[in-house]
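1. Sharing a sequence plus its predicted fold:
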Amino acid sequence: MIVAIDGPAGSGKSTVARALAAREGFVYLDTGAMYRAVTLKVLKAQVPVTETARVAKLAQEAVIEFVPGAPGEAPQVMLDGKDVTAAIRTAQIDQNVSAVASVPAVRQAMVAQQRAIAKNIDIVAEGRDMGTVVFPDAQVKVFLSADAAARAWRRTIEREGGNAAQPGAQVKDQALYESVLEDIQSRDAQDEANAASPLHPAADATLLDSTRMAPQQVVDAIANLVALAQARQAAIASDNAAASQPSAAEKDAPSQPASTQAAPGASGSDATKAKDAGATGAKAPKTKSGQAPMRPFHNTFDDYYDHGMREFPLPARCVFNVAAGLIYGFSRLYWPWDYEGGQQLIDELKERELGTVMVMNHVSMVEPVITVVMFWRQGLRIRPVFKQEFNKNDLMRWVFSRVGGIPVDRGTADLKAVRRCQRALKRGESILIYPEGTRIRDDDGKAPIHGGFALIAQMAKTDVTPSAVIGVRDVTPEGAHIPRPHRVHFKVGAPLKFGALGVKGRKAQLEAMEAKAMDKVFELRAQLRRDYPGEW
Ligand SMILES: Nc1ncnc2c1ncn2[C@@H]1O[C@H](COP(=O)(O)OP(=O)(O)OP(=O)(O)O)[C@@H](O)[C@H]1O
Ligand SMILES: Nc1ccn([C@@H]2O[C@H](COP(=O)(O)O)[C@@H](O)[C@H]2O)c(=O)n1
């Protein structure tokens, strides 16, 4: 996999790319360092940049190597066998590198080396033209920007020996800041005007502005994109395998519930190995989920995630029904809610086999509760996807598993969660996802969208239903721990079908669905706000 990160000087590319590469176990490639090394060679040879043929020759002859440091640390840069790590970071190199990098033959030589380095490995490559020129087919493309003032501020603190990412970091020398800002602005101008590879985002790049983001937030956002790309790749690979070898579908069957597969004391991996080797013993009767039936008690959490909700054991179904009935009655009185378009959706779902992936804006924990009981009241099941972190609390874990929740590890390509959702949809259960990932209480509090919902729908060959909620912010205002009574309004849009998006190709359809569904969510929210002025 190739992760291409481009952006102007000081936007945080190296910091973020190094951390991401360490986290994912990918190789880190700093292409700016390569242009800097060539610049050093040109300056040492005292060749004027205007003599492009001589400059090009030096670039072609330059042997540039990276000696990896500890994970997350900058690698050592070697030029013609000598360590030039520090020598390429001087102000003199800063002032000359863009001119050297704009010589087309220099770029040709560097691009060839960069492609050779990236061959057949997982890599995070950062520079100015990674997504546009060097790796146009990169699976993840990010254009990282930040205000010029913020970038100069960061670079100045770095030069003064500090760390701009630390809270309270301050610039000490204002004159140095001014000169760094001037240098950054002039480098931006030269990089943008570079005729061979102008600095601009690739058409399919995700734009991230790091001005007000901590490096870790940027890394998390890109890691989400990586996870999504990995899930896409795996889905395509599994589809291809299924198409070429029909029996592969059998191998893809959900993991057996621990209650029926592992000998007492066997570790999870032992149990899996035994199953893979066909050593599972007598065949247990299978439920509709393709699983052995659950027992009345002592099921594992995985049993709850992997089985259809109608297959939950009787005690669990009784508890769910009693709780759902009580919550339904309570919610109607305490948060008198209306669900515009909900009945139409329910009627449609009752007529078809596949569930839908419902996406919604997220303001409080009240909206999944109401949505689950609204579906329950109509005899249908909707399973909320929740972040794995909630499972740290034993009570929450127990409750979430019994109401059909499916945990997702948001920092990774959680294929297990994707497949659980896919299978639930095929059983006719719907899935409820909050793509903002976290509760957002105002329009400015935008969060990166987790696009996995479109992949889940695509894999299950179903649709995505956009929906919105308002009124919930006043149910749990900032700082309140006990929900307050307040009217809540939901609005459901028409299900969006992949075939009607007007684009071809799996990847393009996924991206179009992610964008369209979220646009629709925010449009529905805006309509609700117009219908109920003053409500949030
Ligand atoms: N999000 C951030 N918030 C605050 N400081 C940051 C952030 N990201 C990076 N920094 C700091 O800004 C400085 C510049 O970051 P970095 O070297 O990663 O930028 P870059 O885009 O790779 O720049 P260049 O293209 O010039 O190599 C470093 O000191 C780094 O610690
Ligand atoms: N892919 C790239 C990377 C860098 N450059 C040029 O090198 C300069 C130094 O890069 P840093 O990332 O180390 O700051 C940069 O200003 C560009 O002129 C490039 O052209 N293409």
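-> Nice, thanks for sending it over. Ligands and ions are numbered 1, 2, ... in the order given.

2. contacts, neighbours, all on C-alpha from now
-> OK.

3. From residue 312, how far off is residue 303?
-> 9 Å (CA to CA, to the nearest Å).

4. Average pLDDT for the helix or strand hosting residue 521, rounded please.
-> According to DSSP states H and E, residue 521 maps onto helix 506-531. On average, the pLDDT along helix 506-531 is 93.

5. mind listing the strands in the stretch 251-400 of the chain by residue range?
-> Counting by DSSP state E, counting those that start in this stretch, one finds strands in the stretch 251-400 of the chain at the ranges 337-340, 357-360, 382-387.

6. Let me know which of these is tucked in deepest.
-> Of all the strands of the stretch 251-400 of the chain, strand 357-360 carries the top mean neighbour count, a mean of 26, counting by mean count of other CA atoms under 10 Å.

7. Run through who's touching that one.
-> Contact partners of strand 357-360, identified using CA atoms under 8 Å, 6 or more residues apart in numbering, comprise 425, 430-435, 453, 456-457, 462-469, 517-518, 521.

8. Filtering those by proximity to ligand 2, which remain?
-> Here nothing survives when those are matched to ligand 2 using CA under 6 Å from any ligand atom.

9. Could you list which of those residues belong to helices?
-> The helices, defined by DSSP state H, take in 425, 453, 456-457, 517-518, 521 from the contacts of strand 357-360.

10. contacting residues around residue 73?
-> Per CA under 8 Å, 6+ apart, neighbours of residue 73: residue 18.

11. how far away is it from residue 18?
-> 7 Å.

12. What of residue 180?
-> Where residue 18 is concerned, residue 180 sits at a distance of 23 Å (CA to CA).

13. ok, now how distant is residue 534 from ligand 2?
-> For residue 534, the distance to ligand 2 (CA to the nearest ligand atom, to the nearest Å) stands at 47 Å.

14. should've said residue 391
-> Taking CA to the nearest ligand atom, one finds residue 391 at 41 Å from ligand 2.

15. show me what contacts that residue?
-> 397, 407.

16. If we use 10 Å, what do you get?
-> With contacts defined as CA atoms under 10 Å, 6 or more residues apart in numbering, the neighbours of residue 391 are 397-401, 407.

17. Counting neighbours, which of those residues comes out on top?
-> residue 407 (25 neighbours; other CA atoms under 10 Å).

18. Partner strands of the helix or strand encompassing that residue, with direction?
-> Under the criterion of DSSP H and E, residue 407 resides in strand 406-408. Strand 406-408 sits in its sheet next to strand 382-387 (parallel), going by DSSP bridges.

19. can you give me how far the strand it pairs with is from the chain middle?
-> Relative to its chain's centre, strand 382-387 lies at 17 Å (CA atoms, centre = their mean, to the nearest Å).

20. Report the buried residues of the helix holding residue 521.
-> Buried positions in helix 506-531, judged by neighbour count with 16 or more other CA atoms under 10 Å: 509-510, 512-514, 517-518, 520-526, 528-529.

21. pretty sure residue 489 is in a strand, no?
-> Yes. Judged by DSSP: H, G, I helix; E, B strand; the rest coil, residue 489 forms part of a strand.

22. That one touches residue 335, doesn't it?
-> Yes. Here residue 489 reaches residue 335: they are 9.4 Å apart, a contact under CA atoms under 10 Å.

23. if you count what's nearby, which of those two comes out ahead?
-> Higher neighbour count among residue 489 and residue 335: residue 489, with 24 against 20, using other CA under 10 Å.

24. For residue 189, grab the count of nearby residues.
-> 15.

25. I'd like to know which elements the helix or strand where it lies is packed against.
-> Per DSSP H and E: residue 189 is located in helix 174-193. Judged by 3 or more CA pairs under 10 Å, 6 or more residues apart in numbering; DSSP states H and E, the packing partners of helix 174-193 are helix 91-101, helix 148-159.

26. Buried ones in that helix, by neighbour count?
-> Buried residues in helix 174-193 (16+ other CA under 10 Å): 176-177, 180-181, 183-185, 187-188, 190-191.

27. And stretch 80-99, by the same measure?
-> Applying 16+ other CA under 10 Å to stretch 80-99 flags 83-85, 88, 93-94, 96-99 as buried.

28. from those residues, which is closest to residue 122?
-> Of all the buried residues of stretch 80-99, residue 122 sits closest to residue 85, with 23.7 Å by CA to CA.

29. what kind of secondary structure is the closest one in?
-> Per three-state DSSP, residue 85 ends up coil.

30. My guess is it contacts residue 79. True?
-> Yes. Using CA under 10 Å, residue 85 and residue 79 qualify as a contacting pair, with a distance of 9.0 Å.
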